[in-house]
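Trainee: What would the 3D arrangement of this be:
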Amino acid sequence: MDNFIIVLYIVAFAMFIYGLMGLTGPKTAVRGNQIAAVGMAIAVIATLLSVLHTQNWILIAAGLLAGVLLGIPPARHTKMTAMPQLVALFNGVGGGTVALIAWAEFLDTSGFSNFKHGEEPTVHIIVGSLFAAVIGSISFWGSLVAYGKLQEILPGSPITLGRAQQPVNALLLIGAAVSAVVIGMGASGEGVSPWWIVAVLVLAGVLGLMVVLPIGGADMPVVISLLNALTGLSAAAAGLALNNQAMIVAGMIVGASGTILTNLMAKAMNRSIPAIVAGGFGGTGVAAADHTGEHKSAKATNAADAAIQMAYANQVIVVPGYGMAVAQAQHAVKEMATLLEANGVEVKYAIHPVAGRMPGHMNVLLAEAEVSYDALREMDDINGEFSRTDVVLVIGANDVTNPAARTDPSSPIHGMPILNVDQAKSVIVLKRSMNSGFAGIDNPLFYADHTSMLFGDAKKSVGAVTEELKVLS
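Mentor: The predicted structure is shown next:
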């Protein structure tokens, strides 16, 4: 039976890796996800087979049932606009689960002093469990804050303690580390009080809150990716302590991929990960003014004028942002693009690495509308084309098109790579109002002479433009 369980785990590992390879492209992503899900099911079965002699089958069944009931309905019914929140929440649940496993192991072994019914506790068991407790708790509570900011239950702007923020964080980290050391030292004797593990979990949890609360909304995609990596690492540590190969391999895959993605996204924002963790930016919106300090106003347009501009263009670039997600306008955009292409206009889509509120948010939305993957262009590939583009249609993408990142050293996003939308011959921006984006920073692009604003719900605005294009056709 032991050998059979090992074989099942190896099959599960292979399916995890093969499924992850499928996520590299939209054509294979669904199949890759399904393969990885089957691999996880095999890993669960293998784990259940390893505890055939347990007396807690009712408790295990209750846990599986609770997971199914709490996991499947949100996954099936959550709209794409709320997918970042769901990702943050599910990731947090993973971290919280690992922290609870570490707590349970502590209680079951009287503080790791009689691990596995009299066996001498080893360093990897103690360190793995305590590392999982700290990182899992940070990930859980940090993910809840990320969820609250994305759901707008909490303000998207940074919530800080001012100068006391970093000292408080340091004290919390030191407190959690000291508590863990006390537990480790007590494991070689008769154990320690259960309150020490509670101290580890509480201090780490508060640290998770205090780390994510000061991070502004514009950094949320990076934060989600970072917390996902932390959850993976904590799961791998717990697997090491429990001698569970499935948790080790799955955790390392999640931790490694999440770390790579976090680093890539931080580079796309020209920000270091320590700078993001130290506190994000946001809530610093200012009114636009020219070099003389005179206040400037935006120029409004209508659907008919926008349709005329695009109908007589050689190339149109669509820049999607969170506004498209909120309005669920991707299908309307696809219909408009199809009509333009039928009239000889070349349509492309410019995708910024951190557009939206989670990694790949815009890619998923456009794939849902069956937009050709060949029409999607990454920032580095399309930035050189804006200067020879007739019309750029910006749909709710505020921060990733802000030219202040290049021109204003005082801007919080100065140095961040952006889409060079301002270099196009004409820019049409679809927004509900003149409110600043998720980072809370005003965009001088809106007041440029070659920019016009089409106000209203993005889906309705694009639909109105499409109707005007039909008339012109």
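Trainee: chain center to stretch 382-393, what's the gap?
Mentor: 28 Å (Cα atoms, centre = their mean, to the nearest Å).
Trainee: Tell me the buried residues in it?
Mentor: With burial defined by 16 or more other Cβ atoms under 10 Å, the residues of stretch 382-393 counted as buried are 382-383, 385-386, 389-393. The C-beta positions use only the backbone N, C-alpha and C, and glycine is treated the same way.
Trainee: Could you do stretch 221-234 as well?
Mentor: Under 16+ other Cβ under 10 Å, the buried positions of stretch 221-234 are 221-234.
Trainee: Pick out whichever of the residues you listed sits closest to residue 41.
Mentor: Using Cβ to Cβ, residue 232 comes nearest to residue 41 of those, at 19.0 Å.
Trainee: Just name the closest of the buried residues of stretch 221-234 to residue 258, please.
Mentor: residue 229 (2.9 Å).
Trainee: Tell me which other helices or strands the helix or strand where the closest one lies touches.
Mentor: Per DSSP states H and E, residue 229 falls inside helix 220-242. Helix 220-242 sits against helix 83-108, helix 123-150, helix 245-268, helix 273-278, with contacts defined as 3 or more Cβ pairs under 8 Å, 6 or more residues apart in numbering; DSSP states H and E.
Trainee: In JSON lines: the buried residues of stretch 382-393, plus secondary structure and distance to residue 304.
Mentor: Below are the buried residues of stretch 382-393 laid out as JSON lines (DSSP: H, G, I helix; E, B strand; the rest coil; distance: Cβ to Cβ, whole Å):
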{"residue": "382", "secondary structure": "helix", "distance to residue 304": "28"}
{"residue": "383", "secondary structure": "helix", "distance to residue 304": "30"}
{"residue": "385", "secondary structure": "helix", "distance to residue 304": "27"}
{"residue": "386", "secondary structure": "helix", "distance to residue 304": "25"}
{"residue": "389", "secondary structure": "coil", "distance to residue 304": "21"}
{"residue": "390", "secondary structure": "coil", "distance to residue 304": "17"}
{"residue": "391", "secondary structure": "strand", "distance to residue 304": "14"}
{"residue": "392", "secondary structure": "strand", "distance to residue 304": "19"}
{"residue": "393", "secondary structure": "strand", "distance to residue 304": "15"}
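Trainee: which secondary structure element contains residue 430?
Mentor: strand 426-431.
Trainee: How far does that strand sit from its chain's centre?
Mentor: With Cα atoms, centre = their mean, you get 26 Å for strand 426-431.
Trainee: After that strand, which helix or strand is next? Please name it.
Mentor: Counting by DSSP H and E, what follows strand 426-431 is strand 451-455.
Trainee: will you turn the buried residues of stretch 221-234 into a markdown table that also has distance to residue 125?
Mentor: Formatted as a markdown table, the buried residues of stretch 221-234 follow (distance: Cβ to Cβ, whole Å):
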| residue | distance to residue 125 |
| --- | --- |
| 221 | 36 |
| 222 | 33 |
| 223 | 31 |
| 224 | 31 |
| 225 | 30 |
| 226 | 27 |
| 227 | 25 |
| 228 | 25 |
| 229 | 23 |
| 230 | 21 |
| 231 | 20 |
| 232 | 20 |
| 233 | 17 |
| 234 | 15 |
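Trainee: where does residue 21 fall, helix, sheet strand or coil?
Mentor: helix (DSSP: H, G, I helix; E, B strand; the rest coil).
Trainee: Could you check how many residues crowd around residue 429?
Mentor: Residue 429: 27 surrounding residues under other Cβ atoms under 10 Å.
Trainee: try residue 71
Mentor: Other residues close to residue 71 by other Cβ under 10 Å number 12.
Trainee: That one sits in which helix or strand?
Mentor: Counting by DSSP H and E, residue 71 is found in helix 57-77.
Trainee: try residue 394
Mentor: strand 391-395.
Trainee: could you give the angle of that strand to strand 426-431?
Mentor: 10 degrees (axes from the mean of the first three to the mean of the last three Cα atoms, to 10 degrees).
Trainee: Run through the neighbouring helices and strands of strand 391-395.
Mentor: Strand 391-395 packs on helix 303-311, strand 315-320, strand 426-431, going by 3+ Cβ pairs under 8 Å, 6+ apart.
Trainee: repeat that with 6 Å
Mentor: strand 315-320, strand 426-431 (3 or more Cβ pairs under 6 Å, 6 or more residues apart in numbering; DSSP states H and E).
Trainee: Now the next helix or strand after it: buried residues?
Mentor: Toward the C-terminal end, the helix or strand that comes next after strand 391-395 (DSSP H and E) is helix 404-407. For helix 404-407, burial by neighbour count (16+ other Cβ under 10 Å) applies to 404-405.
Trainee: where's helix 404-407 relative to the chain centroid, distance-wise?
Mentor: How far helix 404-407 lies from its chain's middle: 25 Å, per Cα atoms, centre = their mean.
Trainee: now stretch 93-102
Mentor: Using Cα atoms, centre = their mean, the offset of stretch 93-102 from its chain centre is 20 Å.
Trainee: Mind listing residues that contact that stretch?
Mentor: For stretch 93-102, contacts defined as Cβ atoms under 6 Å, 6 or more residues apart in numbering pick out 129, 132-133, 136-137, 139-140, 201, 231, 234-235, 238.
Trainee: Please tabulate the residues you listed in CSV, including the columns pLDDT.
Mentor: Below are these laid out as CSV (pLDDT from 0 to 100):
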residue, pLDDT
129, 87
132, 92
133, 93
136, 94
137, 95
139, 94
140, 95
201, 94
231, 93
234, 93
235, 92
238, 90
